[in-house]
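**Q** pasting the sequence and the predicted model now:
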Amino acid sequence: MTVRRGPAEHRAVALTFDDGPDPVFTPRVLDILAQFGVRGTFFVIGKRAEQHPEIIRAIADTGHEVGNHTYTHRPLWLLSPRRTREEIDRCASVLTAILGKPPRYFRPPWGQSNPAAVRHSARVQQQRIRWSLRGEGWLPLAAPEMIVRIVARRLHPGAIIDLHDGGGFARTPARLVAALPDLLRLIQERGYRCLTLSELLPEGPAAASDTTLSDRAWACYEWAWNTWFGVKRFDRATLLTLGPAIHYGPDLILRDGTIVHPGAQVGELHLDRVQVMRLHRTVPQYRVGFVLRRELEDGLRRLAQRVIEHQPYRQLAAFRSTTLFWQEATRLGFEVCVHDIGWHHRVLSWYQRLLLVRDHPLGRHRLRGRRWEARTIWLSRQELLRRYAEQRR
Ligand SMILES: [Zn+2]
């Protein structure tokens, strides 16, 4: 079992810092924590720990806890079971060599596990930890004030708060250091204590190994995928989910004149696979296409409503999705963009073909007679509002 939060009985939270140690930012984080008399847990990357053992020692000597964040921070869902075990074990042995004892806690990169990590972390008695509050929110370049505001809004007893003292986006640790004093002041003013994970979580053996039946493994990868892209459902009633993304390509000029600049925040749309499967189960085969289209239109209407009502959504210049069904999507107002962003498309083509074979009753047959290649489709915010905003009843 993955732990996401501590017991809610006491006014206490655990601050967790990922992706260090960083020779510049980790010592500054330690200084600030010391000023406030506060302890936290550092999920460090084994390779970096190896390069800066003195920082690891400084973390532990000042009463903080050190956790396992794998050796290289590769996304686990891309790794074989054997490589996954190596990632966990190699980081653990680096930490054991420096600190004289193995880590108690393990956080996979981006919080996303795979079946091998689930089994192995249980076997080596490292409790898997996620978070209940992501301090940097779902905007990867949250400004310091934004970090404080996010925590202020979502702080709750037993919270496990995810922050970054290293890596991530280049400016993330600098922004954290800028935000940290205000953040700690806020937490203390509200009467919360900051504890290490060992202090926050009740004593108990690491959770027993989950059975890795094919479906469970699949759900796990699915979840990993969503976590990797930071996907969340913006409206429970729809099968569209939305995640944050940055446009990395060249300037993109959409039909209605919207220009998406490199570095712009865009929304990444996905289909909620569980909902799509529910549809396959409950709707007669010949109607699936029709119902799916109707549900997607409804999802886009709800998204348009969101954009009108909630400020953060208005910062998104456009929405994109990468899909095998790009021809169908053009009927919903999307346009196809030809510029290729490489491995992302190949991985997605592969993944979506797999889903198609697996989930669709006629899966294998559907794959024949058409070039199944994923394309990125775009819908500008303007076009979304024009097509879908007023039509909501
Ligand atoms: Zn990380």
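**A** Structure's in. What do you need?

**Q** residues contacting the residue in the stretch 51-200 of the chain that the ion sits nearest to?
**A** Going by Cβ to the ion, the ion is nearest to residue 109 of the stretch 51-200 of the chain, at 4.8 Å. Every residue, glycine included, has its C-beta placed from N, CA and C. Each residue near residue 109 by Cβ atoms under 8 Å, 6 or more residues apart in numbering is listed here: 69, 70, 73, 74, 75, 76.

**Q** rerun that using 10 Å as the cut-off
**A** By Cβ atoms under 10 Å, 6 or more residues apart in numbering, the contact list for residue 109 reads 18-19, 43, 45, 69-70, 72-77, 87, 117, 167, 224, 227-228.

**Q** same check on residue 148?
**A** Contacts here follow Cβ under 10 Å, 6+ apart; on that basis residue 148 touches 135, 142, 178, 179, 180, 181, 182, 183, 184, 185, 186, 187.

**Q** my guess is the third one is in a strand, correct?
**A** Put plainly, it is residue 178. No: the assignment for residue 178 (DSSP: H, G, I helix; E, B strand; the rest coil) gives helix, which keeps it out of a strand.

**Q** what is the burial count for it?
**A** 16 (other Cβ atoms under 10 Å).

**Q** I figured it hits residue 142, correct?
**A** No: with contact defined as Cβ atoms under 10 Å, residue 178 does not reach residue 142; the gap is 11.0 Å.

**Q** need the overlap of contacts for the two.
**A** Joint contacts of residue 178 and residue 142 (Cβ under 10 Å, 6+ apart) are 148, 171.

**Q** other SSEs contacting the strand or helix carrying residue 313?
**A** Element membership for residue 313 (DSSP states H and E) is helix 311-314. If you count contacts as 3 or more Cβ pairs under 10 Å, 6 or more residues apart in numbering; DSSP states H and E, helix 311-314 packs onto helix 288-309, helix 381-388.

**Q** could I get the ones you listed in CSV, plus columns for distance to the ion, mean pLDDT and mean neighbour count?
**A** Formatted as CSV, those follow (distance: least, Cβ to the ion, whole Å; pLDDT from 0 to 100; neighbours: other Cβ atoms under 10 Å):
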stretch, distance to the ion, mean pLDDT, mean neighbour count
helix 288-309, 29, 86, 17
helix 381-388, 30, 93, 18
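
**Q** in CSV, list these along with distance to residue 150.
**A** Shown next, in CSV, are the helices and strands packed on helix 311-314 (distance: least, Cβ to Cβ, whole Å):
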stretch, distance to residue 150
helix 288-309, 18
helix 381-388, 23
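
**Q** show me which residues of the chain are close to the ion?
**A** With Cβ under 5 Å from the ion as the criterion, the chain meets the ion at residues 18, 19, 109.

**Q** what about these, which are in strands?
**A** 18, 19 (DSSP state E).

**Q** let me know the closest of the residues of the chain next to the ion to residue 2.
**A** Distance from residue 2 was checked for each of those by Cβ to Cβ. The minimum falls on residue 109, at 13.8 Å.

**Q** neighbours of the residue nearest to the closest one when sequence neighbours are not counted, just the number please.
**A** In space, and not counting its chain neighbours, residue 109 is closest to residue 73: 4.7 Å by Cβ to Cβ, 6 or more residues apart in numbering. Residue 73 has 22 neighbours, counted by other Cβ under 10 Å.
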